[in-house]
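**Q** have a look; sequence and predicted model below, questions after that.
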Amino acid sequence: MKLGNLVPDAGALQAEIDAIPQVQRVALALQLIRDIDAPCCALSLMRLSRLAEDHHLAIRRAEFVRDHERRRVRG
């Protein structure tokens, strides 16, 4: 899921968010959830946290595939 799906016209921020390490994105999301009382805002921030997790998993998958290909070429 992209941030643009959660917040209209936010696609320009997606690259900046993708550049932030996952741990920092999750910490930011948790801090904002503590600071914001409105449940509708908290839900959007939880989705942002999920986006960060998905991005992290995509990076890990790419690393796994790359390592697997290297072993296959050497083997």
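**A** Cool, the structure landed.

**Q** where does this protein dip in pLDDT?
**A** By pLDDT under 70, the low-scoring segments of the chain are 1-13, 33, 35-42, 75.

**Q** tell me which residues of the lengthiest helix in it come out buried.
**A** Counting by DSSP state H, the longest helix found in the chain is helix 39-74. By neighbour count on 16 or more other CB atoms under 10 Å, the buried set for helix 39-74 is S44, L45, R47, L48, S49, L51, A52, H55. Backbone N, C-alpha and C define where each C-beta goes, glycine included.

**Q** what packs against the helix or strand L28 falls within?
**A** Counting by DSSP states H and E, the element that carries L28 is helix 22-35. Packed against helix 22-35 by the contact rule (3 or more CB pairs under 8 Å, 6 or more residues apart in numbering; DSSP states H and E) you find helix 39-74.

**Q** please repeat the previous calculation with a cut-off of 10 Å.
**A** Helix 22-35 sits against helix 14-19, helix 39-74, with contacts defined as 3 or more CB pairs under 10 Å, 6 or more residues apart in numbering; DSSP states H and E.
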